[in-house]
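Participant: compute the structure for the input listed below.
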Amino acid sequence: MTDKPVLVVDLDGTLLRSDILFETFWSAIGRSRMNMVRGARALLHGKAALKRILAEEGPIDVATLPYDAQVVAYVEKWRAEGGKAALVTASDENIAQSIQDHLGVFDEVYGSDGMRNLKGPNKAAFLTEHYSKEGFAYMGDAAADIPVWSKASKAITVNVSAALSRQVNDLGQEVEHLETVPSSIRPYLKAIRPHQWLKNILVFLPMLTAHQYDFQTFFYSLLAFIAFSVVASSAYVFNDLLDLAADRAHPRKCERPFASGAIPIAHGTWMGIGLLLTGLIIASLVNGLLLLVLVGYYIITMAYSLDLKRRTIVDICTLAGLYTLRIAAGGAATSLVLSVWLLAFSIFFFLALAAVKRQAELVDSAKRGKLEASGRGYIVDDLPLISQVAISAGYVSVLVMALYVNSPTVIQLYSYPVALWGVCLILLYWITRIVMITHRGHMDDDPVVFAAKDRISQICFLVILACALGGALL
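Facilitator: A predicted model of the protein is given here:
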């Protein structure tokens, strides 16, 4: 026997580098938008009722959750030394029991039951009564745990702030502080995906194709670029929150900040809202039309994240449209009329890139022996058709470019239009190469990101730029 007190471990932010309330919320929303209504209705009966309905409507795979390995090891050591351990959480007890069934490291499990929210003073009272004889040591991570720590024989903190650490020290109990996750801004930068802002350079295309190089046009284009980048980052954050289950099942995407637990999901929710509001404010400073385009972009993006990405063909058409909306934003910001040639080229060219993105996912699924792409509406047998869409749409975009070279507009804008034929030839080569690389399984999840890193793609871009400059200046 041992005189060690019972080790009571919190779940959210302690055993788990995440929060079950937010996990189930985003899972429920991803399954049905009506779950927002059901959740609001349940909240009228208290947070415990909300947690129960979210646990029912937003089931999660506990095997893929981001557990804190050091905390699990601490619990195992405690039990190996003869002590008992209990998982006591404000999260719904059904999920807590599923986690214990998966980990198997606790002797007892208690959680919110749909009526009682086992948090703060409620948890302190429950533990004091339940472990009045043995006493208990408590492992937690938040200010809400202070009432519990004050009743414990030993306080164990996990990744708390310096201020909270001082508060726990002042309680007078034996204290142990665990630092299992290094504090860093890098996961937050990774979550907003600044490398994806490369796509937003498209807002400068109306200025470039119209040969409007004055400061005002550039400044408004720059503001549109910043606004679009910030709003796009908000969409990426929310998309990752909605895609948690699919990302955790993916060999590479499981390392994303929210899926891996590097960033608390609660932080992601507020990040998404803050980024969205910042982008909309910047757009409103330019003009109402840019704001309208940006709002439309965001609505379509969220519709894509919630539903459209699971619909075959509709998904790649939506992606192509979102790329083209970036060009429309540049036109809206600068009040430049968009060329029909530019819009036609962008629709087909970005349809090709969207198809390449799906092609890459299907090739990856085939390599892993899966019959379908996770979270998408395609099966591996669709691969030949998607490859044909990619190559066909890409070639049509080159055809549009070739027709544009012979148009009266080019004669007005370029002193040596023949140089633009070089653009057509390079694009023809590049598109064919990209599809071939994807077919062989060497494509990243995003062809734009791949192109930014690929040396040959960089050379192709420079040659295209040289041809465009040559046509304008020779």
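Participant: please enumerate the strands of the stretch 151-300 of the chain.
Facilitator: 154-158, 174-178 (DSSP state E, counting those that start in this stretch).
Participant: just the ones you listed: most buried one?
Facilitator: Greatest average neighbour count among these goes to strand 154-158 (a mean of 23), per mean count of other Cβ atoms under 10 Å. Glycine gets a C-beta too; all of them are placed from N, C-alpha and C.
Participant: pop the domain breakdown of the chain in here.
Facilitator: Using automatic domain parsing, the domain parsing of the chain gives 6-178, 185-195+214-302+312-337, 339-474.
Participant: quick one, helices of the stretch 201-350 of the chain?
Facilitator: Assigned by DSSP state H, counting those that start in this stretch, the stretch 201-350 of the chain shows helices spanning 205-209, 215-242, 244-248, 257-260, 265-286, 288-306, 314-334, 340-367.
Participant: got it, and the stretch 1-150 of the chain?
Facilitator: Applying DSSP H, counting those that start in this stretch to the stretch 1-150 of the chain gives helices spanning 20-31, 34-43, 47-57, 69-80, 93-103, 121-130, 146-149.
Participant: would you mind getting the angle between the fifth one and helix 69-80?
Facilitator: Our comparison of helix 93-103 with helix 69-80, counting by axes from the mean of the first three to the mean of the last three Cα atoms, to 10 degrees, yields an angle of 80 degrees.
Participant: mean confidence score for helix 93-103?
Facilitator: Averaged across helix 93-103, pLDDT comes to 93.
Participant: kindly report the same for stretch 164-173.
Facilitator: Stretch 164-173 comes out at a mean pLDDT of 91.
Participant: just stretch 7-19 next, same as before
Facilitator: 92.
Participant: same check, this time on stretch 326-333
Facilitator: For stretch 326-333, the per-residue pLDDT averages 93.
Participant: same check on stretch 418-438?
Facilitator: pLDDT averaged over stretch 418-438 gives 94.
Participant: pull the longest strand from the chain.
Facilitator: Of all the segments of type strand in the chain, defined by DSSP state E, the longest one is strand 85-92.
Participant: buried set for that one?
Facilitator: Judged by neighbour count using 16 or more other Cβ atoms under 10 Å, the buried positions of strand 85-92 are 85-92.
Participant: using PDB, list the CA coordinates for it.
Facilitator: Only the C-alpha atoms of strand 85-92 are listed here, as PDB (Å, rounded to 0.1, in the frame of the first residue of the first chain):
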ATOM      1  CA  ALA A  85      -5.200   8.400 -10.700                       C
ATOM      2  CA  ALA A  86      -8.600   9.900 -11.800                       C
ATOM      3  CA  LEU A  87      -9.600  11.900 -14.800                       C
ATOM      4  CA  VAL A  88     -12.000  14.600 -13.600                       C
ATOM      5  CA  THR A  89     -13.100  17.100 -16.200                       C
ATOM      6  CA  ALA A  90     -15.700  19.700 -17.000                       C
ATOM      7  CA  SER A  91     -16.100  18.000 -20.500                       C
ATOM      8  CA  ASP A  92     -18.900  15.600 -21.000                       C
END
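Participant: which two in the buried residues of strand 85-92 are spaced the farthest apart?
Facilitator: Greatest spatial distance among the buried residues of strand 85-92 (Cβ to Cβ): Ala85 and Asp92, at 19.9 Å.
Participant: do you know how far Ser346 is from Ile95?
Facilitator: Applying Cβ to Cβ, to the nearest Å, the value for Ser346 to Ile95 is 46 Å.
Participant: still on that earlier bit, closest to Asp10 out of the helices of the stretch 201-350 of the chain?
Facilitator: helix 265-286 (14.7 Å).
Participant: run through who's touching that closest one.
Facilitator: 18-19, 22-23, 26, 188, 191-192, 220, 223-224, 226-231, 233-234, 237-238, 240-241, 244, 257-258, 290-291, 294-295, 298, 333 (Cβ atoms under 8 Å, 6 or more residues apart in numbering).
Participant: what about the closest residue to Val314 other than its chain neighbours, how many neighbours?
Facilitator: In space, and not counting its chain neighbours, Val314 is closest to Leu308: 5.5 Å by Cβ to Cβ, 6 or more residues apart in numbering. A count of nearby residues for Leu308, using other Cβ atoms under 10 Å, gives 18.
Participant: which of the helices of the stretch 201-350 of the chain has the lowest mean pLDDT?
Facilitator: With a mean of 81, helix 244-248 has the lowest mean pLDDT of the helices of the stretch 201-350 of the chain.
Participant: and the contacts of that helix?
Facilitator: Contacts of helix 244-248 (Cβ under 8 Å, 6+ apart): 23, 26-27, 30, 60-61, 64-65, 240, 253-254, 256, 258-259, 265, 374-375.
Participant: between the strands of the stretch 151-300 of the chain, which one is closest to Ile327.
Facilitator: Closest approach to Ile327 among the strands of the stretch 151-300 of the chain is made by strand 154-158 (47.8 Å; Cβ to Cβ).
Participant: and the closest one, how far from the chain's centre?
Facilitator: Chain-centre distance of strand 154-158: 32 Å, with Cα atoms, centre = their mean, to the nearest Å.
Participant: quick check: mean pLDDT across that strand?
Facilitator: 94.
Participant: what does it contact?
Facilitator: 5, 13-14, 68, 71, 74, 137-141, 149, 164-165, 168, 171, 173-178, 180.
Participant: any chance of CSV for the strands of the stretch 151-300 of the chain, columns distance to Phe350?
Facilitator: As requested, these are exported to CSV (distance: least, Cβ to Cβ, whole Å):
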stretch, distance to Phe350
strand 154-158, 45
strand 174-178, 48
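Participant: coming back round to it: could you dump the domains of the chain to TSV with distance to Ile201?
Facilitator: Shown next, in TSV, are these (distance: least, Cβ to Cβ, whole Å):
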stretch	distance to Ile201
domain 6-178	31
domain 185-195+214-302+312-337	7
domain 339-474	10
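Participant: picking that back up, mark which of the contacts of helix 244-248 are buried, thanks.
Facilitator: For those, buried by 16+ other Cβ under 10 Å: 23, 26-27, 30, 60, 65, 240, 253, 256, 258-259, 265, 374-375.
Participant: next, the contact list for the spatially most central residue of the chain, please.
Facilitator: For the chain, the residue nearest the mean C-alpha position is Asp240 (2.4 Å; Cα atoms, centre = their mean). Residues near Asp240 by Cβ under 8 Å, 6+ apart: 191, 247, 256-259, 268.
Participant: which one among the residues you listed gets closest to Ala328?
Facilitator: Using Cβ to Cβ, Ala191 comes nearest to Ala328 of those, at 26.8 Å.
Participant: neighbours of the closest one, just the number please.
Facilitator: 22.
Participant: please name the nearest non-neighbouring residue to it.
Facilitator: Spatial nearest neighbour of Ala191, chain neighbours left out: Pro257 (4.4 Å); criterion: Cβ to Cβ, 6+ apart.
Participant: what sits against the one you found?
Facilitator: 187-188, 190-191, 240, 263, 268.
Participant: ok, now Trp149?
Facilitator: Residues near Trp149 by Cβ under 8 Å, 6+ apart: 138, 140, 155, 168, 171, 173.
Participant: Gly261 and Asp12, how far apart?
Facilitator: Counting by Cβ to Cβ, the gap from Gly261 to Asp12 is 11 Å.
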